[in-house]
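Asker: Provided below for reference: sequence and predicted model.
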Amino acid sequence: MSESKPQAFYATLIAAIVLLAGLVSAQFSWTTFSPMKQTLSSLAARDAPTRNMMTVVILIIGVCQLVTAHGFKTAANPGRMVLGLGGLGVIGVAAFPVPHILADSNWHTFMAGVVLISLCLWPVFSISKHHEAPWMLTVQGAWTATVVLAIVGLIFLAAWWTDSYWMGLLERLLIFSQIIWLLISVGRCLKIDNKAVLQDSAIDEKDFQIATKIAL
């Protein structure tokens with residue numbers, strides 16, 4: 001089982017912090033913005049007063065997700081590829097903003113769809129066959145995560161299609177659920193990998209001591 005890199009965890013943590021800080025700052029800057037009704041796309045719209053700030057926030061999150069995909073080596077390669085695709089989708093969301101606060105665009109919607117789908121499906125593509133894999137990367141854990149995230153995603157899509165008043169809140173719930181699950185998964189794998197390394201080091205040291213005594 002390959003070992004995950006610490007930067008995968010730190011990148012995911014940075015993405016969560018940047019997103020939270022960006023949302024709080026943007027909503028303070030745009031006093032008439034409705035976090036219950038309006039989405040992150042509105043905050044980064046071409047005519048939004050918070051466009052530049054949110055565009056930078058989205059780009060940082062996209063780059064962080066690419067770093068996570070590269071360093072999350074405990075996960076199966078297909079899952080890492082899906083995560084990487086999601087990272088490119090996040091960058092695409094920033095590159096193709098909606099033209100107006102209350103408008104949509106085909107490219108923006110497509111990129112947002114890539115992000116939503118990839119962050120719901122990466123667990124089932126990341127299932128590890130190794131017996132020491134954490135619960136998150138087992139068949140049961142991966143499918144549980146995907147089903148729960150998919151349900152939240154479908155609820156958000158229903159709110160978006162019906163222009164629900166709760167659309168903005170549901171989008172934030174979905175995004176933070178996806179990021180937090182990724183953060184927990186990477187963190188757990190990193191902890192298990194580090195423990196395995198320490199155990200291997202202890203075994204190697206014990207073998208060395210035995211070999212030294214025999215030689216003497």
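Answerer: Perfect, thanks for sending it.

Asker: Look up how far residue 154 lies from residue 14.
Answerer: From residue 14 across to residue 154, the span is 29 Å (C-beta to C-beta, to the nearest Å). All C-beta spots, glycine's among them, are computed from the backbone N, C-alpha and C.

Asker: Now stretch 24-40: buried residues?
Answerer: 26, 30, 33, 35, 38, 39, 40 (16 or more other C-beta atoms under 10 Å).

Asker: Now tabulate those in TSV and tack on secondary structure and pLDDT.
Answerer: Formatted as TSV, the buried residues of stretch 24-40 follow (DSSP: H, G, I helix; E, B strand; the rest coil; pLDDT from 0 to 100):
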residue	secondary structure	pLDDT
26	helix	88
30	coil	90
33	coil	88
35	coil	86
38	coil	89
39	coil	89
40	helix	90
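
Asker: related to what we said a few turns ago, going by how many neighbours each has, rank residue 14 and residue 154 and give me the top one.
Answerer: Just comparing residue 14 and residue 154: by other C-beta atoms under 10 Å the higher neighbour count belongs to residue 14, 17 against 13.

Asker: now residue 85, nearest residue through space, not along the chain?
Answerer: Counting by C-beta to C-beta, 6 or more residues apart in numbering, residue 118 is the residue found nearest to residue 85 once chain neighbours are left out, at 5.1 Å.

Asker: ok, how many other residues are close to the closest residue to residue 120 other than its chain neighbours?
Answerer: Among residues not flanking residue 120 along the chain, residue 149 sits closest, at 4.3 Å (C-beta to C-beta, 6+ apart). As a burial measure, the neighbour count of residue 149 was computed by other C-beta under 10 Å and equals 20.

Asker: So residue 145 sits against residue 137, correct?
Answerer: No: Residue 145 is not in contact with residue 137 according to C-beta atoms under 8 Å; the separation is 9.8 Å.

Asker: which residues do those two both contact?
Answerer: Contact criterion C-beta atoms under 8 Å, 6 or more residues apart in numbering; residues shared by residue 145 and residue 137: 123, 185.

Asker: Stretch 161-181 - what's its average pLDDT?
Answerer: Over the span of stretch 161-181, the pLDDT mean works out to 92.

Asker: Tell me the buried residues in it?
Answerer: By neighbour count, with 16+ other C-beta under 10 Å as the criterion, the buried positions of stretch 161-181 are 164, 167-172, 174-175, 177-179, 181.
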